[in-house]
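Chemist: Give me a model of this one.
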Amino acid sequence: MATAVATFQWGGERLELLAERAAWDPHRRTLLLADLHLGKAESFQAQGIPLPSDGDAATLNALLELAARQRPEQVIVLGDLIHGRLGLTAELRAKLAALPELLGCRLRLVGGNHERGNWIAGLAQEPSQALGPWWLSHEPEARTGLLNLCGHLHPVAQLGGKGDRLRLPCFSYCPRTQRLALPAFGALTGGMPLPGQERQWLVADGAVLEVHRRRRGRP
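Modeler: This next block holds a predicted model:
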């Protein structure tokens, strides 16, 4: 059944997987998201590729609406808040400086590969770290006894056959490495299919739906 929220249980703890492509830790009142890639359009424009510039507005408005609803005590971005140096314009820097006040809470950034070599005033790039039972990182990092929450992978699930295939963003859980990859939050991001044996929750039309794939060899 599709709902706006799916519950993920791990080690007696609960995460809510939101249709807005973010995770909510109700116990710590923490909103977790990854891969906004702000400034991506401007990065492409600087290279002569005329990508429309409205992606940042859509991404930031979605984040502000989500924060207004959840009222978090903190928002933690699991890397790739920005796309890179070319897109880190004076306008984007001003928006990032105003973001914590607009969110109404603390904004934190676990540094991702796209932040390397870039400096954002008032927003330090933090290393991978524990938050209760979670290990927060940008790229996947297994930690014994902790569930790794990460970004970087931009997971999508592929549905249908060769002639009629659909790709949708998803949350993807690997039980072997105890890793839960969050879908990319940004409006201008692509995606990568992950192994079908992972447990996955599709995000589409304001709903979250767990995928139950039929195993090969079964009717």
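
Chemist: and the spatially most central residue of the chain, what pLDDT?
Modeler: Nearest to the mean C-alpha position of the chain, counting by C-alpha atoms, centre = their mean, stands A34 at 3.0 Å. We note a pLDDT of 97 for A34 in this prediction.

Chemist: do R69 as well
Modeler: pLDDT recorded at R69 is 96.

Chemist: Now R167: closest residue in space that isn't a chain neighbour?
Modeler: Leaving aside its chain neighbours, R167 sits nearest to V156 (4.7 Å; criterion: C-beta to C-beta, 6 or more residues apart in numbering). Using the backbone N, CA and C atoms, a C-beta is placed for each residue, glycine as well.

Chemist: So, low pLDDT: which residues of this structure?
Modeler: Along the chain, the model assigns pLDDT under 70 to residues 1-2, 40-55, 83-87, 114, 117, 161-163, 188, 213-219.

Chemist: My read is that the residue nearest to the centre of the chain contacts L78, right?
Modeler: Yes - contact criterion C-beta atoms under 8 Å: A34 and L78 qualify, at 3.9 Å.

Chemist: who's in contact with the residue nearest to the residue nearest to the centre of the chain when sequence neighbours are not counted?
Modeler: Leaving aside its chain neighbours, A34 sits nearest to G151 (2.5 Å; criterion: C-beta to C-beta, 6+ apart). Residues near G151 by C-beta atoms under 8 Å, 6 or more residues apart in numbering: 33-35, 78-80, 112, 138, 181-182, 184.

Chemist: one more time with 6 Å, if that's ok
Modeler: Neighbouring residues of G151 by C-beta atoms under 6 Å, 6 or more residues apart in numbering: 34-35, 78-79, 138, 182.

Chemist: for this protein, longest strand please?
Modeler: strand 165-174 (DSSP state E).

Chemist: Please, where are all the helices along this structure?
Modeler: Applying DSSP state H to the chain gives helices spanning 40-46, 55-70, 90-103.

Chemist: Mean neighbour count and distance to L194 for those - can I get that in CSV?
Modeler: Formatted as CSV, those follow (neighbours: other C-beta atoms under 10 Å; distance: least, C-beta to C-beta, whole Å):
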stretch, mean neighbour count, distance to L194
helix 40-46, 20, 22
helix 55-70, 17, 22
helix 90-103, 14, 30
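
Chemist: Count the residues that sit near A121.
Modeler: A121: 9 surrounding residues under other C-beta atoms under 10 Å.

Chemist: For the remainder of this discussion, apply numbering that starts at 22.
Modeler: Fine by me, first position is 22 from now on; the one you just mentioned is A142.

Chemist: which residues pair with the closest residue to P176 other than its chain neighbours across the strands?
Modeler: Spatially, and ignoring its direct neighbours in sequence, P176 is nearest to S193 (4.1 Å; C-beta to C-beta, 6+ apart). Here S193 shows beta-bridge partners A202, Q221, assigned using DSSP bridges.
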